[in-house]
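In: I would like the atomic coordinates for the input below:
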Amino acid sequence: MQISLQQQVALVTGASSGIGAGAAKALAAAGAAVVLNYNSQAAPAEALAAQINAAGGQALAIGGDVSKEADVERLFAQTLDAFGHLDILVANSGLQKDANLVDMTLEDWNTVISVNLTGQFLCARAAVRIFNRQGIREGVSRAAGKIIHMSSVHQLIPWAGHVNYAASKGGVEMLMRTLAQEVSEQRIRINGIAPGAIRTAINRAATEGAAEKELLKLIPYGRVGDVEDVANAVVWLASDASDYVVGSTLFIDGGMSLYPEFRGNG
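Out: Next up is the predicted model:
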């Protein structure tokens, strides 16, 4: 099955590293022009944009804090100024500020909710407004627009010591499903991806050496995920190959959400 995103424009938030960077590269490889949003890490986002452009693609890095309404509005306006339209949003920006509940500050709670959940709301709202103005671009995509909300297995699996993160991801799931219910009749497709343990720089301590051995006890498939595992799913959900997939979350976790601790214990 050949997937082509030619003539389409994708905006990926949190694209300076990890899953966001991998998704941007995969979307560009499929033919989409890509806007790489970053917050504080300009250099890697700009380097990736240069790499995509050098390979014959189209890419632009734009800074902005997705938890701030003015930044989000500017990000989407600059995207339209650069490319004229928008077809795909990958709402990927996220962070962690971990602590046990009794030690967690209100600032750390609010920061995580603001970026992980409010940021996805602001970006989705901006994208839907654009999709509604554009309508379906005949011959380009069967949908007027596609949004992929990046969540986590922790929208399902409780995670002690990470109550703000888990709450934000549970919120992302219901944001995605409710939005899909609301706008699908406008031929806007909303779906989610819930990654498990993925081998990224930020997760290096948990995915190498002795820590990896312990982690694999939670992954029935027996390996840690790669960024490409998630990026390939992003491309599929952004394409007409998944045109009848609406309001669904794709778990990319090697079976982590199957609660493997219960194997042989039923």
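
In: can you tell me how far residue 56 sits from residue 33?
Out: 12 Å (C-beta to C-beta, to the nearest Å). C-beta here means a position set from N, CA and C on the backbone, and glycine is covered the same way.

In: Which one's more surrounded, these two?
Out: residue 33 (26 against 7; other C-beta atoms under 10 Å).

In: and that one, what are its phi and psi?
Out: Dihedral angles of residue 33 (phi, psi; degrees, to the nearest 10) stand at phi -80, psi 140.

In: Same question for residue 35.
Out: phi -100, psi 120.

In: who's in contact with it?
Out: 9-12, 59-62, 75, 78-79, 82-83 (C-beta atoms under 8 Å, 6 or more residues apart in numbering).

In: In terms of distance to residue 202, which of those ranks first?
Out: If you rank the contacts of residue 35 by distance to residue 202 using C-beta to C-beta, residue 12 comes first, at 16.5 Å.

In: pretty sure residue 252 is touching residue 193, no?
Out: Yes. Using C-beta atoms under 8 Å, residue 252 is in contact with residue 193, at 6.2 Å.

In: which of these two has more neighbours?
Out: Neighbour totals were compared for residue 252 and residue 193, and residue 193 leads with 24 against 21 (other C-beta under 10 Å).

In: Given the helix or strand encompassing the more buried one, what are its sheet partners and their directions?
Out: Element membership of residue 193 [criterion: DSSP states H and E] is strand 188-195. According to DSSP bridges, strand 188-195 forms sheet pairs with strand 145-150 (parallel), strand 249-252 (parallel).

In: In the shortest one, which residues are buried?
Out: I take that to be strand 249-252. 249-252 (16 or more other C-beta atoms under 10 Å).

In: Which two among those are spaced furthest apart?
Out: 249 and 252 (10.0 Å).

In: what sits in contact with each of these two?
Out: Overlap of the contact sets of residue 249 and residue 252 (by C-beta under 8 Å, 6+ apart) consists of 193-194.

In: so what does the helix or strand residue 110 falls within touch, helix or strand wise?
Out: Assigned by DSSP H and E, residue 110 belongs to helix 106-113. For helix 106-113, the elements it packs on are helix 163-183, judged by 3 or more C-beta pairs under 8 Å, 6 or more residues apart in numbering; DSSP states H and E.

In: how far off helix 163-183 does the helix holding residue 110 point, in degrees?
Out: Between helix 106-113 and helix 163-183, the angle comes out at 40 degrees (axes from the mean of the first three to the mean of the last three C-alpha atoms, to 10 degrees).

In: Name the surrounding residues that touch the helix or strand that helix 106-113 is followed by.
Out: Next along the chain after helix 106-113, taking DSSP H and E as the criterion, comes helix 119-134. By C-beta under 8 Å, 6+ apart, the residues outside helix 119-134 that reach it are 11, 13, 66-67, 69, 72-73, 75-76, 80, 85-86, 89, 91, 93, 144-145, 147, 149, 172, 175, 179, 183, 186, 188, 190.

In: Make CSV from the strands paired with strand 188-195 and add mean pLDDT and distance to residue 131 to it.
Out: Supplementary listing: these in CSV, determined by pLDDT from 0 to 100; distance: least, C-beta to C-beta, whole Å:
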stretch, mean pLDDT, distance to residue 131
strand 145-150, 98, 3
strand 249-252, 98, 21
